Each structure stands twice: as C-alpha cells, then as structure tokens.
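Asks: Fold the stuff below for me.
(one chain, ligands or ions: 1)
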Amino acid sequence: MNLADSERMAGVLEEAGYSCATEASDANVIIYNTCSIRDKAEQKVYSALGKQAKRKRQHMGDLKLVVAGCVAAQEGAALLRRVPELDLVMGPHHANRIGELLEQVDLGAQVVAVEPVMIPEDIAVPRRDSALSAWVNVIHGCNERCTYCVVPNTRGVEQSRAPDAIRREILALGEAGYREVTLLGQNVDAYGRDLPGAAADGSGRRAWTFTDLLHHVHDAPGIRRIRFATSHPRYFTERLIRACAELPKMCEFFHVPFQSGDNDILRQMKRGYTHQRYRRITDSIRRHMPDASISGDAIVGFPGETEEQFEATCELVREVGFDRVNTAAYSPRPATPAAEWDNQVADLLKMDRLNRLNRIVNEVAEERAQRFIGRPLEVLVEGPNPKVAGQAMGRSRHNKLVFFDGDGGALTGELVTVFVDRVHAYSLFGRRVA
Ligand code: SF4
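Replies: From the prediction side, this is the model:
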C-alpha cells in the first residue's frame, strides 16, 4: 500500500514540475512515506528524520521536510512538537493532494493534513517503478478492528473505488504495455460493501463484490496476469475461489493472513474466524487449484499466548503447507486495545518463538518448492539478475522468483517457459525452453 501511495505522490509531483533527485543531499523536498504497523519501522523514521532535521538547521533553510503515511496519521501535530523542522505532516488519505499541500508550505505554513477524508479519485498518473507490473488500489482503509492493529486508526474506514474507474485504469495500463496488475487493498475481499445497490440477478448480493470486480476487469487487452492482496479469511468466499479457478488471467497465488492457529488467540485478536474456517478456505483453494501457492501472515507472542497456543500456529503452518509466511513478533501499537493488556509476553520469549516459527516456515516452503522440479513454468521476465551476469530473472504465476540463463534485458516483458531443475525455498532455477 505504501509503495502504491509513494508512486501516486511521485506522479502528482512530476505533474507539478518536480523531478526525482538521485541523492537525498541534492533534494529540495524530502518525503518519508512511513509505516507504523510495528514499532521498529516507526523508530527508523525518527532516526532518519533526526539527521535531515539537523541538516536543515545547519545548512539548508530551504529544504522542505515531509512525513507522509501512517506515522503521520497516528501522530498528527504531535510530530511537529517532536521534530519542529518539519514542514508537512500528511496521512495516507492525502497522498493525491501532496502538490497543493506543498503549495501551502511555499506560502510559509507548517501544514498538518491527517483528518480522514473521502479520497479523491486519482487525477494524476502514478510514476510507477515497474514498466511491467502495476499496483491498482481498489479499496482504501479497513472496517475491521483487530485488537493489535493500528491501520484502521491511520487509514480510516473502507472506501471502494468505482468499478469503472478501476477498469479504466487497468485498460490504460494494458495499452501502455503493462502485463500484470495487482489489485490492492487492506482487505480486498470487502470491496464493494460501501457501494450502493443490489445485484441485478435477484440473488440478494450487493451490486459489487470483489468477485464481480474481477469479472469486470479481467478482459483488459494486454494484461496477462492479475493478482490481488490482501485477503481476509472472513470475506474469502467459495465464489471468489471459483472465479480465480475459472478466469485464466487470475494467478494461482493467494495471500491470506491467518495470524494464529489458536481459536482463543484469534478471538482475542477479534479476527472473526476460527482456524477450522481458515483450513476450509485453503482446502477449497487446493481442491479447485491443486498447484496454488498460498502465503499468509502470522504473529507470535500476542498477549497471553501460551506455549500450546504457539504450537497450534506451528501446526497450522505444517498442515497447510505454505509457500511463504510473513512472520512477526507482536509489537504493541499506540491506541490499540491489546497494547493495554497486562499479559504481555516477554520480548525474549517472543524472539525465541519467532525464530522457531521461522525455521518451520522455511522448511515447509522448501518442501513445497520441490513440486516445481522437472516442470516447465510460465515466467514473466522482469530483467537481468543484477547479481549474476548473463542470468535473467522473472516471476512465475505462483509468485516465485525464477532465474535462468539468458539476456534479461532483451527478454524483459516477455512470457517465456522455463524448465525448473533446482529450487530454493523462495526461488527457482532452470533453463529456458521453446
Ligand atoms: S483486517 Fe488487517 S488492516 Fe484491518 S484491522 Fe485487521 S489486521 Fe488491520
């Protein structure tokens, strides 16, 4: 989400005549687009800001310092008290407005724009980092209230973009030569529940669901692959799974965070599902698409987590057979319920559990990767491998990085077939075949 916001801000600024500096020391405006999902990310921002603030005090009165994103939304005007050299503090809702906010700074104001607002439909073309794969926001914000999560406080309530605006953006991407889009949202499966109307087929469904959106954009000429992230198990329906199996451009890759394998912890997290429901989802994905890659997110050391409850998470990882799991030790976040509880798990124990879970995750991923050995895979070439001369790199539909001998520069953007003969947990190696 932050990468997509950064690309939108860069697009707005280029439109306004700014260009990207190669070194921070050459820049007139420095923007930190921040993440507050964990304390470590937040502390990194303060450390980076401290250096720039010092520079501004000493040498560069005309340097503009901006904090955007979730730390800005979380701290608001308090950030100005902590770092008085700041010129602009802007939450993620305001990414499209960065041009006009900087104009206010030019008039001499210190500006704070963190209130939740209706996000205006994109008027600027994002300056995308890739010429092949594009992020496309479909829904902003989140209506869930997971007890560990700061996102609803910083990104506000759900706002689905209009289906036709999303389709127009994807058609334009296809025309511009993009091959792959990733539909983005904090909770993409909740798409459409804030849009008016009911389905015309009399089914009682609302007018637009995420599955309807997939059908609406799937035929975009030029686009060869469609992915989406992130899903929430509460909203992940059988209808969505069937659509992914039936629509040929939908990649057989699913990122569905589970967070814990224990029902009591899930209840305390207010996730709204059980590990049994989660397993039914992954079983159904595998029934419809036996080869699908499934990844998830897990938190260890949530307040009160016992050894047995932690073991249940390890068990879930082994049983489902994930291709990847993003793991994290629970990090108490400001203004979230779980941060106030008095049954916090000691840091050392959290780190121990994290290390143990990571070992299992890597073993399972390596085991899962074996299924690709001896198989031809379709690979979208992203370019040369910057670390190995003469080697090209790309991605399979399963979102695996694939390396093979070849001219990555000349093949960029091509869909090629690679016969896989060697695998690591998260990357595959092979040779190109006709
Ligand atoms: S669904 Fe995701 S973004 Fe929303 S509150 Fe829960 S963890 Fe946070």
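Asks: per-domain residue ranges of this protein.
Replies: Using automatic domain parsing, the domains assigned to the chain come out as 2-113, 133-371, 373-433.
Asks: for the protein, which spans come out with low pLDDT?
Replies: 60-61, 122-124 (pLDDT under 70).
Asks: and it, which of its residues are near the ligand?
Replies: Contact residues, the chain versus the ligand (Cβ under 6 Å from any ligand atom): C142, E144, C146, C149, V151, P152, Q186, N187, H232. No exception for glycine: its C-beta is placed from N, CA and C like everyone else's.
Asks: which among those gets closest to S260?
Replies: Distance from S260 was checked for each of the residues of the chain next to the ligand by Cβ to Cβ. The minimum falls on C146, at 11.1 Å.
Asks: Torsion angles phi and psi at the closest one?
Replies: When quoted as degrees, to the nearest 10, the phi and psi of C146 stand at phi -60, psi 130.
Asks: Quick check: it vs H218, distance?
Replies: Per Cβ to Cβ, to the nearest Å, C146 is found 31 Å from H218.
Asks: More neighbours: these two, which one.
Replies: Comparing C146 with H218 by other Cβ atoms under 10 Å, the one with more neighbours is C146, at 21 against 17.
Asks: Could you verify my assumption that the more buried one touches K270?
Replies: Yes. C146 is in contact with K270 according to Cβ atoms under 8 Å; the separation is 5.7 Å.
Asks: Tell me the first helix or strand C-terminal of the helix or strand encompassing A369.
Replies: Using DSSP states H and E, A369 sits in helix 347-369. As assigned by DSSP H and E, the chain's next helix or strand after helix 347-369 is strand 376-384.
Asks: Pull up the pairing partners for that following strand, direction included.
Replies: Its sheet considered, strand 376-384 pairs with strand 391-396 (antiparallel), strand 415-423 (antiparallel) by DSSP bridges.
Asks: Next, format those strands as JSON lines and append mean neighbour count.
Replies: Converted to JSON lines, the strands paired with strand 376-384 look like this (neighbours: other Cβ atoms under 10 Å):
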{"stretch": "strand 391-396", "mean neighbour count": "22"}
{"stretch": "strand 415-423", "mean neighbour count": "17"}
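Asks: could those strands be laid out in CSV, adding distance to G296?
Replies: Formatted as CSV, the strands paired with strand 376-384 follow (distance: least, Cβ to Cβ, whole Å):
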stretch, distance to G296
strand 391-396, 19
strand 415-423, 20
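Asks: what does stretch 22-38 contact?
Replies: For stretch 22-38, contacts defined as Cβ atoms under 8 Å, 6 or more residues apart in numbering pick out 2, 5-6, 9, 13, 18, 21, 41-42, 45, 48-49, 52, 55, 62-74, 98, 102, 149-151, 154, 328, 331, 333.
Asks: Tell me how far it lies from the chain's centre.
Replies: Per Cα atoms, centre = their mean, to the nearest Å, the displacement of stretch 22-38 from the mean C-alpha position of its chain is 19 Å.
Asks: end-to-end on that stretch?
Replies: When the termini of stretch 22-38 are compared using Cα to Cα, to the nearest Å, they are 29 Å apart.
Asks: still on that earlier bit, restricted to strands, list the residues of the chain next to the ligand.
Replies: Secondary structure assignment by DSSP state E places none of the residues of the chain next to the ligand in strands.
Asks: coming back round to it: please check the contacts of stretch 22-38 and keep the buried ones.
Replies: 2, 5-6, 9, 13, 18, 41-42, 45, 49, 52, 55, 63-74, 98, 102, 149-151, 154, 328, 331, 333 (16 or more other Cβ atoms under 10 Å).
Asks: contacting residues around R225?
Replies: Applying Cβ under 8 Å, 6+ apart, one finds that R225 lies in contact with R179, E180, V181, K249, C251, L380, R397.
Asks: could you dump those residues to TSV with distance to L240 and neighbour count?
Replies: Converted to TSV, the contacts of R225 look like this (distance: Cβ to Cβ, whole Å; neighbours: other Cβ atoms under 10 Å):
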residue	distance to L240	neighbour count
R179	23	20
E180	19	21
V181	17	24
K249	15	17
C251	14	22
L380	23	22
R397	17	22
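Asks: which two of these lie the greatest distance from each other?
Replies: Farthest apart among the contacts of R225 by Cβ to Cβ are V181 and R397. That separation is 13.6 Å.
Asks: Would you mind giving the contacts of R225 as JSON lines with secondary structure added?
Replies: What follows is the contacts of R225, written out as JSON lines (DSSP: H, G, I helix; E, B strand; the rest coil):
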{"residue": "R179", "secondary structure": "coil"}
{"residue": "E180", "secondary structure": "strand"}
{"residue": "V181", "secondary structure": "strand"}
{"residue": "K249", "secondary structure": "coil"}
{"residue": "C251", "secondary structure": "coil"}
{"residue": "L380", "secondary structure": "strand"}
{"residue": "R397", "secondary structure": "coil"}
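Asks: so which of those comes closest to L213?
Replies: Ranked by distance to L213 (Cβ to Cβ), the contacts of R225 are led by V181 at 11.8 Å.
Asks: Tell me, how many residues neighbour whichever residue of the stretch 201-350 of the chain sits closest to the ligand?
Replies: Nearest residue of the stretch 201-350 of the chain to the ligand: H232, at 5.2 Å (Cβ to the nearest ligand atom). Using other Cβ under 10 Å, H232 is surrounded by 20 other residues.
Asks: Tell me which residues touch Q104, please.
Replies: Per Cβ under 8 Å, 6+ apart, neighbours of Q104: V111.
Asks: same deal with the one 3 residues further on?
Replies: Listed by Cβ under 8 Å, 6+ apart, L107 has no contact partners.
Asks: Could you pull out the strands in the stretch 151-300 of the chain for me?
Replies: Along the stretch 151-300 of the chain, the stretches classed as strands by DSSP state E, counting those that start in this stretch are 159-160, 180-184, 225-229, 253-255, 293-300.
Asks: Pull the residues that contact the longest one.
Replies: Contacts of strand 293-300 with the rest of the structure, by Cβ under 8 Å, 6+ apart, involve 148, 252-260, 269, 282, 285-286, 310, 313, 317, 320-330, 350, 353-354, 357, 368, 398-400.
Asks: Can you tell me which of those residues are buried?
Replies: 148, 252-260, 269, 282, 285, 310, 313, 317, 320, 322-325, 327-330, 350, 353-354, 357, 368, 398-400.
Asks: Show me those residues that map onto helices.
Replies: Of the positions in the buried ones among the contacts of strand 293-300, M269, T282, I285, F310, T313, V317, V320, K350, R353, L354, L357, R368 sit in helices, assigned by DSSP state H.
Asks: Quick check: the farthest pair among the residues you listed?
Replies: Checking those with Cβ to Cβ, the most distant pair is I285 and K350, at 30.1 Å.
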